[in-house]
Each structure stands twice: as structure tokens, then as C-alpha cells.
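Peer 1: have a look at this prediction, sequence included:
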Amino acid sequence: MLRRVPEPELMRAAAQARAYAHADFESAHSAYPRLFAQRFPNAPARARVLDLGCGPCDVTLRFARAYPGWRFDAVDGSAAMLRYARIALAREPEVARRIRLIRGRVPAVRLPARAYDVILASSFLHHLHDPQVLWQTIRRCGRAGACVFIADLRRPTSRARARVLTRRYAAGEPTVLQRDFFNSLLAAFTPDEVRAQLRAAGLTVLKVEPIGNRHLIVFGRVQVT
């Protein structure tokens with residue numbers, strides 16, 4: 001098995017943020033609201049949503065368009081990423097008025113609400129050196145019965161496979177993004193590792209499902225005690 005190689009938790013460099021914000025993630029990101037709807041057919045029409053590691057808010061905006069009754073607290077620790085998030089939100093003011101950007105790192109970040117109806121995170125888990133940061137935040141911030149939907153990369157079986165995936169999905173992107181995508185694949189967790197994390201966190205009610213050839217999702221309604 002390919003050993004995990006952690007990468008920096010924050011994408012602080014302007015070139016990284018610019019490449020990420022301008023990258024073509026349409027195939028993966030457009031699927032997330034659809035996958036959420038399939039797994040939560042009775043999701044609340046109105047909800048307070050916590051989006052962890054929101055980056056430039058591409059996924060946040062997609063969920064906000066799909067669920068017009070939701071209000072979002074979108075958190076990221078990178079000022080460079082949030083700069084591009086503000087640019088994206090400025091293009092869609094009617095949607096953006098339901099999205100509040102918060103700069104901070106979990107678990108230390110101060111959140112406006114004590115509990116949330118929905119908790120989202122995309123491409124966040126693999127950045128964490130300690131994955132329990134995410135799972136314990138869910139335990140702390142999820143209202144009883146909250147919908148949890150986490151989408152992330154999953155680690156391939158070899159560096160050679162990671163190079164194949166990088167060529168397939170990032171060949172047309174800037175060199176900095178190709179490098180970061182390759183490193184992110186190496187930093188990602190396997191489904192079995194994520195299941196072990198959930199057992200350690202007492203969140204075995206959440207399910208782990210591989211999606212496509214490079215992603216996984218974690219989803220479920222949790223009863224937080």
C-alpha cells in the first residue's frame with residue numbers, strides 16, 4: 001500500500017490559490033449537490049450550514065444555488081483562498097447574501113452558531129495532519145440529526161497511479177496545480193482509513209463510499225451526544 005505523505009494544511013501562496021480558483025473542477029464539483037440530494041432526499045428546505053475548508057467557494061455556491069433556503073457559514077484558514085471566494089461571491093450577489101465567509105482554522109475558529117443543521121466539507125480532509133480535527137468538529141457543531149456530507153480525494157495504490165490520475169485530470173492546468181493535485185492524491189486517505197477515523201470519533205453512523213476513480217464521500221445523519 002502507498003504510504004500517506006501529508007501536505008501543508010493551508011494553501012497560502014497566491015499562485016496556488018489562483019490556480020485552484022481558476023481550475024476546471026466541473027465534473028467533480030457539479031456532482032456533489034446531486035450526490036447529497038440522493039443520499040438526503042428529506043434534507044431540510046431551510047438550514048444553517050457549516051462549510052469547512054470552503055476555499056474559493058465553488059462548491060459552496062453550487063449548494064447555495066441548489067438549496068435557496070440555506071444560509072452558510074463558510075470557513076477557510078487561507079486569506080489567499082478567501083480573496084478568490086469574495087470575487088466569486090461578487091459575481092452572484094443574490095446567492096452570495098446567504099453566504100458568510102469566516103477566516104479561521106478549526107478547531108480554534110469562532111463560529112457564529114453553536115449548532116448546524118448541515119455540515120459540508122470538500123477537499124478538506126486530506127489537508128488535515130490530524131483528521132480528528134474534522135470529525136470532532138462535526139461532533140461539536142452538528143445539531144442532533146444534522147446532515148453530514150464530506151467529499152474528498154482518496155489515495156491511489158501507487159505513485160505511478162497518482163501520476164496517471166494527474167495526467168488525466170490536470171494535464172491542461174498550470175504546473176503549480178498539477179503539482180498540488182499529485183501531492184493531494186498522496187496526502188489523501190483510503191476508505192478503510194476513514195472508517196477507522198470514524199470509529200475512533202464515535203461516528204460509525206456515517207458511511208464511507210468510494211466515488212469514481214479518485215474520490216470518496218462520507219455521509220449520514222448524526223446524533224451528537
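Peer 2: It's in.

Peer 1: what's the neighbour count on the closest residue in space to residue 8 that isn't next to it in sequence?
Peer 2: Distances taken as C-beta to C-beta, 6 or more residues apart in numbering place residue 127 nearest to residue 8, at 7.6 Å, with adjacent residues excluded. The C-beta positions use only the backbone N, C-alpha and C, and glycine is treated the same way. Residues near residue 127, counting by other C-beta atoms under 10 Å, number 23.

Peer 1: gap between residue 127 and residue 110?
Peer 2: 20 Å (C-beta to C-beta, to the nearest Å).

Peer 1: for the host helix or strand of residue 183, name the packing helices and strands.
Peer 2: Using DSSP states H and E, residue 183 falls within helix 175-187. When contacts are defined as 3 or more C-beta pairs under 8 Å, 6 or more residues apart in numbering; DSSP states H and E, helix 175-187 packs onto helix 14-22, helix 159-170.

Peer 1: name the next helix or strand downstream of that helix, please.
Peer 2: helix 191-201.

Peer 1: alpha carbons of that following helix, as CSV, please.
Peer 2: Below are the C-alpha coordinates for helix 191-201, written out as CSV (Å, rounded to 0.1, in the frame of the first residue of the first chain):
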residue,chain,number,x,y,z
PRO,A,191,-11.8,4.5,2.6
ASP,A,192,-10.6,2.0,5.3
GLU,A,193,-8.5,4.7,7.0
VAL,A,194,-11.5,7.0,7.1
ARG,A,195,-13.7,4.2,8.6
ALA,A,196,-11.1,3.8,11.3
GLN,A,197,-11.1,7.5,11.9
LEU,A,198,-14.9,7.4,12.3
ARG,A,199,-14.7,4.5,14.8
ALA,A,200,-12.2,6.5,16.8
ALA,A,201,-14.5,9.5,16.8
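
Peer 1: which pLDDT value does the model give the residue nearest to residue 75 when sequence neighbours are not counted?
Peer 2: Nearest non-adjacent residue to residue 75, counting by C-beta to C-beta, 6+ apart: residue 102, 4.7 Å away. On pLDDT, residue 102 comes in at 98.

Peer 1: could you pick out the longest strand of this structure?
Peer 2: strand 142-153 (DSSP state E).

Peer 1: buried residues in that strand?
Peer 2: In terms of neighbour count (16 or more other C-beta atoms under 10 Å), strand 142-153 has its buried residues at 142, 143, 146, 147, 148, 149, 150, 151, 152, 153.
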